[in-house]
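Colleague: give me a 3D structure for the following:
(2 chains)
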Amino acid sequence: MLTVNGINNGIVIDHIPAGKGPRIFNTLFSAHVNSPVVLLMNVQSKTLGKKDIIKIENEYNFDLNLLGLIDKHITVNIIKNNKLKEKINVVVPKKIKGFIKCKNPRCISHTDDYAIPEFTLISSNGTLKYSCSYCEEITEYKF
Amino acid sequence: MKNVRHLIEPKDLSNSEIMELVNMGIQMEENPQDYVNLCKGKILGSLFFEPSTRTKFSFDSAMLRLGGNLMGFTDVNTTSAKKGESLGDTIKIMGAYTDIIVMRHPKEGAPKLASEYSTIPIINGGDGGHQHPTQTLTDLITIKKYKNTVSNHTIALCGDLKFGRTVHSLIKTLARFNTKKFYLISPKELSLPKSIVNEIKLNYDIEIEETSELEAVMDKIDILYMTRIQKERFFNEEDYIKLKNSYILTNEKIEPAKKDMIIMHPLPRVNEISKEVDDDKRAIYFEQARLGVYVRMALIAKLLGAI
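Modeller: Residues are numbered from 1 along each chain as shown, chains lettered A, B, ... in the order given. Here you go, the predicted structure:
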């Protein structure tokens, strides 16, 4: 069986639905991280069957909102001095800026660089539905 | 950014503020001489990134009747926007040259973006298929003048309810004033967005009936609001041609209507109201366009702090 050591300081993103780990890794970390990172895929899970896990050492700053958009089962463990300092259950963000593009082709956000819309959650039953702050059109978000 | 009032969508105004503007507009229409110097020395920036006749000229007329001046453009090709200047920069510059801005833009949400960068009041003169709040004020002053109140009417909205920004702004606002019932009359392809129907059903106790038959409801309504099937909102000419003749109002069709029913239209019309209907006293769409000047006068004066 493959084993990976725990980390002394850093974060563990756990309960990622199997297969979504690489995209989360690429979106959250790959561009700017110099610390050691491991991405584990298809790890056995009691609740999910299979799951992905990301462990990253000596890093604490990242956007929890994105994880909430991906899956509400994801948990984030903050590790300090080899101890679990905090366990965070992600929540679907009520407001989000930057990750979503408005689906309305007539929205100003597609043609003006100043226009970065804030999206407001209007429904989280099944797919997530967000309303654009500029044109009010509803965009369904799927990771 | 200092605290500046804008009108981007009708909900920027409270119900009492809307009625204040409507009533002030009626006063201005009745006694225009009392207001000829109200905005003397002020300049209206008139930024029309998209063609307009009524909205542009009624704002021009409103500002001139208040004693103010105006500057601006109606052809975006003559501006730096054509060179790729962002809207925020254009607005910052115009804010230095003018005291209040009215803008029309083909992109939805553009006036809201403008308001984020503006130190002077921004009035949305129409943004794509999204909102057209001063048309709503125009509609309300007309309803108030011809039906004495803006509340408790049975109202049919007919035509392009999907892309028609006037309808979106109007229906959301009328719902705030205890409308008795809405009939939504359109071909299926152009029906009112579900999000708006749901919003009204969720927040107000108003009956809504969707139908594709105008004739069936003609004798039940107090106000018939006709709209144009807007060619410029279609990506595909074929779809436009298929739907453009969906509803054409004729004298024969309005025969069963109530004697005091009013027929409104934001204009321009193409062929959805036959010219023969113009002579019917219930047809008040040209009067509606005229009254729009006065409620815009009230709006400019209010946002400039002159009333």
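
Colleague: quick check: residues of chain A near chain B?
Modeller: A:104, A:106-115, A:117, A:131-138 (Cβ under 8 Å from any Cβ of the partner chain). No exception for glycine: its C-beta is placed from N, CA and C like everyone else's.

Colleague: contact residues of chain B facing chain A?
Modeller: Taking Cβ under 8 Å from any Cβ, the part of chain B that reaches chain A is made up of B:86-88, B:105-110, B:112-113, B:116-117, B:127-130, B:195.

Colleague: buried ones among those?
Modeller: Buried subset of the residues of chain B next to chain A (neighbour count, 16 or more other Cβ atoms under 10 Å in any protein chain shown): B:86-88, B:105-110, B:112-113, B:116-117, B:127-130.

Colleague: about what we covered before: from the residues of chain B next to chain A, which land in strands?
Modeller: Among the residues of chain B next to chain A, the residues falling in strands (DSSP state E) are B:105, B:127.

Colleague: look at the closest residue to residue B:298 other than its chain neighbours and give its secondary structure.
Modeller: Closest residue to residue B:298 apart from its sequence neighbours, by Cβ to Cβ, 6 or more residues apart in numbering or on different chains: residue B:24 at 3.9 Å. For residue B:24, the assignment made with DSSP: H, G, I helix; E, B strand; the rest coil gives helix.

Colleague: surely residue B:24 and residue B:300 touch.
Modeller: No. The criterion here is Cβ atoms under 8 Å, and residue B:24 misses it with residue B:300 at 10.9 Å.

Colleague: please enumerate the helices of the chain.
Modeller: Defaulting to chain A. A:21-28, A:64-70 (DSSP state H).

Colleague: I was after chain B.
Modeller: Assigned by DSSP H, chain B shows helices spanning B:15-30, B:54-65, B:87-97, B:110-116, B:133-147, B:165-175, B:194-203, B:237-243, B:251-254, B:285-303.

Colleague: just the buried residues of the first one, please?
Modeller: I take that to be helix B:15-30. The neighbour-count criterion (16+ other Cβ under 10 Å) identifies B:18, B:21-22, B:24-29 as the buried residues of helix B:15-30.

Colleague: what do you get for the second one?
Modeller: Within helix B:54-65, the residues that qualify as buried are B:54-56, B:58-65, counting by 16+ other Cβ under 10 Å.

Colleague: list just the nearest of those to chain A.
Modeller: Among the buried residues of helix B:54-65, residue B:55 lies closest to chain A (Cβ to the nearest Cβ), at 18.4 Å.

Colleague: rewinding a little: dump the buried residues of helix B:54-65 to TSV, plus pLDDT.
Modeller: Listed next are the buried residues of helix B:54-65 as TSV, based on pLDDT from 0 to 100:
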residue	pLDDT
B:54	87
B:55	94
B:56	96
B:58	97
B:59	98
B:60	98
B:61	98
B:62	98
B:63	98
B:64	98
B:65	98
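
Colleague: so which of those comes closest to residue B:96?
Modeller: Set against residue B:96, the nearest of these by Cβ to Cβ is residue B:63 (18.4 Å).

Colleague: these two touch, right, the closest one and residue B:71?
Modeller: No. Assessed by Cβ under 8 Å, residue B:63 is found out of contact with residue B:71, at 10.3 Å.

Colleague: what do those two both touch?
Modeller: residue B:44 (Cβ atoms under 8 Å, 6 or more residues apart in numbering or on different chains).

Colleague: if I look at residue A:95, how far off is chain B?
Modeller: Residue A:95 sits 16 Å away from chain B, taking Cβ to the nearest Cβ, to the nearest Å as the criterion.

Colleague: and the nearest residue to residue A:19 once chain neighbours are set aside, how many neighbours?
Modeller: Take residue A:19 and drop its neighbours on the chain: the residue closest to it by Cβ to Cβ, 6+ apart is residue A:52, 7.0 Å away. By other Cβ atoms under 10 Å in any protein chain shown, 25 other residues sit near residue A:52.

Colleague: which residue sits closest to residue B:120, ignoring its sequence neighbours?
Modeller: In this structure, residue B:120 finds its nearest non-sequential neighbour in residue B:95, 4.9 Å apart by Cβ to Cβ, 6+ apart.

Colleague: check contacts around that neighbour.
Modeller: B:101, B:118-120.

Colleague: among the residues you listed, who's most crowded?
Modeller: residue B:101 (28 neighbours).

Colleague: from residue A:64, how far off is the closest residue to it other than its chain neighbours?
Modeller: Leaving aside its chain neighbours, residue B:101 sits nearest to residue B:45 (4.1 Å; criterion: Cβ to Cβ, 6+ apart). For residue B:45, the distance to residue A:64 equals 42 Å [Cβ to Cβ, to the nearest Å].

Colleague: who's more crowded, those two?
Modeller: More crowded of residue B:45 and residue A:64, by other Cβ under 10 Å: residue B:45, with 24 against 14.

Colleague: mind checking pLDDT for that one?
Modeller: On the pLDDT scale, residue B:45 is placed at 98.

Colleague: quick one: it and residue B:97 touch, right?
Modeller: Yes. Residue B:45 is within contact range of residue B:97, at 6.8 Å (criterion: Cβ under 8 Å).

Colleague: which neighbours do these two share?
Modeller: Between them, residue B:45 and residue B:97 share these contacting residues under Cβ under 8 Å, 6+ apart: residue B:71.

Colleague: and the strands in chain A, which stretches?
Modeller: Using DSSP E, strands in chain A cover A:10-17, A:37-45, A:49-57, A:75-80, A:83-89, A:95-97, A:118-123, A:128-132, A:138-141.

Colleague: columns mean pLDDT on top of those strands, output as CSV?
Modeller: Formatted as CSV, the strands of chain A follow (pLDDT from 0 to 100):
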stretch, mean pLDDT
strand A:10-17, 93
strand A:37-45, 91
strand A:49-57, 93
strand A:75-80, 95
strand A:83-89, 94
strand A:95-97, 93
strand A:118-123, 94
strand A:128-132, 94
strand A:138-141, 92
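
Colleague: nearest to residue B:294, of these?
Modeller: Nearest of those to residue B:294, taken as Cβ to Cβ: strand A:128-132 at 33.7 Å.

Colleague: give the pairing partners of that closest one; include direction for each.
Modeller: Using DSSP bridges, the strands paired with strand A:128-132 are strand A:118-123 (antiparallel), strand A:138-141 (antiparallel).

Colleague: contacts made by the first one with the rest, please.
Modeller: The reference is to strand A:118-123. Contacting residues not belonging to strand A:118-123 are listed as A:92-97, A:100, A:102, A:128-133, A:138-139 [Cβ under 8 Å, 6+ apart].

Colleague: stretch B:158-167 too?
Modeller: Against stretch B:158-167 from outside (Cβ under 8 Å, 6+ apart): B:126-132, B:135-136, B:139, B:157, B:184-186, B:189-193, B:214, B:224-230, B:233-234, B:243, B:246-247, B:266, B:272.

Colleague: quick check: PyMOL command selecting the buried ones in those.
Modeller: Buried residues among the contacts of stretch B:158-167 (16+ other Cβ under 10 Å), as a PyMOL selection:
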select buried, chain B and resi 126+127+128+129+130+131+132+135+136+139+157+184+185+186+190+191+192+193+214+224+225+226+227+228+229+230+233+234+243+246+247+266+272
